[in-house]
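>>> Dropping the sequence and predicted coords here.
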Amino acid sequence: MTNVKEMEKSFYKDVLTGLRSVPKRLEPKYLYDYRGSELFEEITKTPEYYPTRTEMRILKKELNSISHYIGDDAALIEFGSGSSEKIKFLLHHLKGIKEYVAIDISESFLLQSVEKLKKEHQHLYVHTVCADYTVPFSLPSLKAKKKVLFFPGSTIGNFDKQERKTFLNQMSTLLTKGDGFIIGVDLKKDEKLLHSAYNDAKQVTRAFNLNLLQRMNRELLANFIVENFEHKAFYNHEEGRVEMHIESLKNQLVTIGEEEVSFQKGETIHTESSYKFSVQEFQNLAKEANFIPKKVWTDEENLFSVHYLEVKA
Ligand code: AVI
């Protein structure tokens, strides 16, 4: 497991490396400080951002089928949340879940949201793990018969090709034969719909993206003038992904700690990729990582998919 102090130190190192590379880029995990996590929650409530509510609709509609796959004595292990409606809904309705493990990179956000869950589900064993799940970590020892990983929201789409391969392989090593993995995966679709999902009218996604500059100002004593930058998000057809960037509106020099970084007008920092998949594309990836695709649930418009994978051996 990566501890929080190490994560802070590597933030500074990663920022300098990322902003000195060509093109400039920062890892999407840095979008999620406390404020970033709050803003992301807000994005999920905008009318344009269809993934969260569509996934929730699928979970509601397919509850019986999901219950069948989870079984009657399972530990549900969730990556990246603890506060979402999705987990509350599953814990409330699926009596086969006897234990819950919440894993998140943001310690304060994790502890706060899990505290509420504990009060609402007094008979559930609840564990919290503050970890960066993109690097190897281990699970606490669990009582339940079966482990089921839960990775909703299509966060897998924020990993690049190699990262998602590594992630899926790592997930399969956390499991033993017969254990499961429920994963939400956003589907390829009309570009206009994708464009507006990442350019919402209330500009919450813009605030979420630009918060990264404010985070660097807060945590790394940087002096970004936020008004000198703009949010940019578009679908890259060849790559099959929505790209989010922060664009510099002028030539400028920014101080970060004791270092300086220069920006040309129009130059961007690539802050996030959000890959979209076909069902077949994703199932092929899962198979390469020792999983058997057992079931896929989608909505009527084929916007989003939820997969149940079983680990082979
Ligand atoms: C968390 N992740 C799946 C979101 C996405 O759609 O890629 C993050 C996000 N970025 C902008 N809006 C939402």
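Happy to help now that I have it. Residues are numbered from 1 along each chain as shown.
>>> Could you check how many residues crowd around residue 28?
Burial measure for residue 28: 19 neighbouring residues, criterion other CB atoms under 10 Å. The way it works is simple: take the backbone N, C-alpha and C, and place the C-beta from them, glycine included.
>>> for the one 5 residues further on, same thing?
Summarising burial for residue 33: neighbours were counted as other CB under 10 Å, giving 20.
>>> Residue 147 too?
Going by other CB under 10 Å, the residues that sit close to residue 147 add up to 21.
>>> This protein against the ligand: which residues are in contact?
43, 51, 153, 154, 155, 157, 158, 198, 205, 244, 272, 274 (CB under 6 Å from any ligand atom).
>>> In helices, which of those fall?
43, 51, 205 (DSSP state H).
>>> Show me which of the residues you listed is closest to residue 266.
residue 205 (20.5 Å; CB to CB).
>>> export the helix or strand containing residue 162 as CSV, just CAs?
Here residue 162, judged by DSSP states H and E, is contained in helix 161-173. Extracted C-alpha coordinates of helix 161-173, given in CSV (Å, rounded to 0.1, in the frame of the first residue of the first chain):
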residue,chain,number,x,y,z
LYS,A,161,-3.8,0.8,-22.5
GLN,A,162,-1.0,-0.5,-20.4
GLU,A,163,-2.5,0.7,-17.1
ARG,A,164,-5.8,-1.1,-17.7
LYS,A,165,-4.0,-4.3,-18.5
THR,A,166,-2.0,-4.0,-15.3
PHE,A,167,-5.0,-3.1,-13.3
LEU,A,168,-7.2,-6.0,-14.5
ASN,A,169,-4.3,-8.4,-14.0
GLN,A,170,-3.7,-7.1,-10.5
MET,A,171,-7.5,-7.4,-9.7
SER,A,172,-7.4,-11.1,-10.7
THR,A,173,-4.5,-11.7,-8.4
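>>> Tell me who's in contact with residue 169.
Residue 169 makes contact with 289, 290 under the criterion CB atoms under 8 Å, 6 or more residues apart in numbering.
>>> Tell me the buried residues in the helix holding residue 162?
For helix 161-173, burial by neighbour count (16 or more other CB atoms under 10 Å) applies to 164, 166, 167, 168, 171, 172.
>>> Understood, closing this out.
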